[in-house]
Structure formats: C-alpha cells, structure tokens
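In: Give me a model of this one.
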Amino acid sequence: LRSMPDIGQPTVTRNFSFDYTSGHWTINGQQFDPNRIDAKPVLGTTEQWIFTNPTGTTHMVHIHDVDQQCISRDGQDCYPYETMKGTWAVGPGETLALKLKFTDHTGVYILHCHILEHEDDGMMTQFEVVLSALQQWRENNFGTIDATDSVGGDLADPDQDGLPNLLEYATGSDPKVADLSRLPQLGLVTVNGITYPTLTYRMLSGSSTAITYSVEESSDLSSWTGIDMIGNLVAGPTDQGDGTELVTYRGDMPVAQG
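Out: Below is the predicted model of the structure:
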C-alpha cells in the first residue's frame, strides 16, 4: 500500500475528555451547543489532539474534515492496524494521542462520539479551521489562491527553501526561487534594563502590515502577542534596492532582565 504521508509535527496540543457529566454524555464536561466553537486550528498547521475516556464504556471518536494519524495509545505504540483513520476506539480509561494536519478548507466541522445514543445526548462539539493573520492578509491583498496547488498554493514550497509561498509573498521574496538570505534573523535588544527578542526581516516596501503578521506567525516567536509598529521598531526600514526593506522589531514579551 501507499506509504504514510508526512503531515508534519504538531505545534498545538488540545485535550478532549469523553465523559459522563450530570447524567449526560459530554466532551470536556459540556454538551453540544451549535453556537459554541471549542477549537480554532489554523489552516495548514498540524496539531496533536489527545482523547481521554474516564467512563466505563468505549467511545468511537470521529473527527470530520481531515484524516488523522495515531501517535500513541496510553503512551505506548498504536495498534498495528492504526495508521491513518477518521474514527478511533477509545476504551475505558484509555488515552489516545493523534496528529492532524488541517489542509484545503476553512470552515466549521464536527467532532463527536459515533455511538448514536452518545452523540444524540450531547457528546459532540465543533471546531473551526481558520485563516492565520498572515493568510488573511494574503487573501485580502492578493485574492484567494487554491490551497491545493502544489506550485502556486499559499502553503506550497516549490523552491524547497523551507519558506511557504505565503511567507515569501509577505516578505517580497520570489516564491519560485530559493533565497535563504531572506530568512528572518533572531536577536536580542536591551531597553531600560529589560532584554527583548528581536526579529530582523525583509518586507515589501511600504507594507508594514506584512511584517507584523509574519512576526506573529513565526514558530520561534510563539510567545509574542503582537507588535507595536512604532514603539517596537528597533532599526530600519532600510531600502534593499529590490522592492523590499530591512527592518528590526522587538517583541512585547521580555526574555530576561539585567
């Protein structure tokens, strides 16, 4: 059969307890509410979802939208037949860890127990696949691109330089030509005795919004809550002569005091 696709490493972990609460079958102690969204994974990212079952009966957990890969069952190897599936048996007292990559589509989807009496009683919830800030900026400025396009799609990396097209558009790089010189550089700066992380980055000339979103999307800066484009500017913008400018911003969260 075909080999397992590489869907990346999880950057977010979410926990779901399939329980019996106040006389009803629940997820994380709550019954289904069509007006409630319990998770908002970002399009193109990989997450780890952990299912626990403190009840005395098995739950057949079914996730809509994308297939999932098993990471572990009770901290041990998954069963040999558990590779890539859409419905998982979680026995009494078991803990199941899965990883999912949210590809192709945004929108609201369902997570539920596939036992009819359980889902009808409320053991069901909703998650919404959303655009990241950078993806939304890309769509607002350049229109919608087919996410499944292996060359032109926002999440594609045709030049194999580790930067998806989406990030290269925002920084002014050519998504069809490898240019590692455009990778962001991390550093430190001390202001009033407090040390902050910095990011030196290329951005499209005059498009400061792009750099804001690029910073927020960097996995190395996941603790940054946002960027004050005026107060956090350290250096630049410096014209690079190719339609881009070099800038350095500091983060909002200090890393040390000295």
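In: okay, CA-based contacts and neighbour counts for the rest of this
Out: OK.
In: Tell me where the chain is predicted with low confidence.
Out: Counting by pLDDT under 70, the low-confidence segments of the chain come to 1, 133-135, 137-155, 158-163, 166-184, 202-229, 242-244, 256-258.
In: Could you please name the strands whichever helix or strand A235 is part of pairs with and the direction of each pair?
Out: A235 is part of strand 233-239 when elements are defined by DSSP states H and E. Applying DSSP bridges, strand 233-239 is found paired with strand 244-250 (antiparallel).
In: excluding its backbone neighbours, what's nearest R36?
Out: Using CA to CA, 6 or more residues apart in numbering and skipping the chain neighbours, the partner closest in space to R36 is Q126 (7.0 Å).
In: how far away is that neighbour from G93?
Out: Taking CA to CA, to the nearest Å as the criterion, Q126 is separated from G93 by 24 Å.
In: okay, the two: which has more neighbours?
Out: Taking Q126 and G93 together and counting by other CA atoms under 10 Å, Q126 has the greater number of neighbours (20 against 13).
In: who's the more buried one bridged to?
Out: As assigned using DSSP bridges, the partners bridged with Q126 are I110.
In: what separates it from T248, distance-wise?
Out: Remark: distance between Q126 and T248 (CA to CA) = 39 Å.
In: Could you do T190 as well?
Out: 13 Å.
In: Look at those two and report which has more neighbours.
Out: Set T190 next to T248 and count neighbours by other CA under 10 Å: T248 wins out with 21 against 16.
In: Contacts only, for that one.
Out: T248 sits next to T198, L199, T200, Y201, L233, V234, A235, G236, P237 when contact means CA atoms under 8 Å, 6 or more residues apart in numbering.
In: Next, format the residues you listed as TSV and append neighbour count and distance to M84.
Out: Shown next, in TSV, are the contacts of T248 (neighbours: other CA atoms under 10 Å; distance: CA to CA, whole Å):
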residue	neighbour count	distance to M84
T198	23	40
L199	20	38
T200	21	40
Y201	23	38
L233	16	46
V234	16	47
A235	12	48
G236	13	48
P237	18	47
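In: closest to P41 among those residues?
Out: When the contacts of T248 are compared for distance to P41 (CA to CA), L199 comes out closest, at 25.1 Å.
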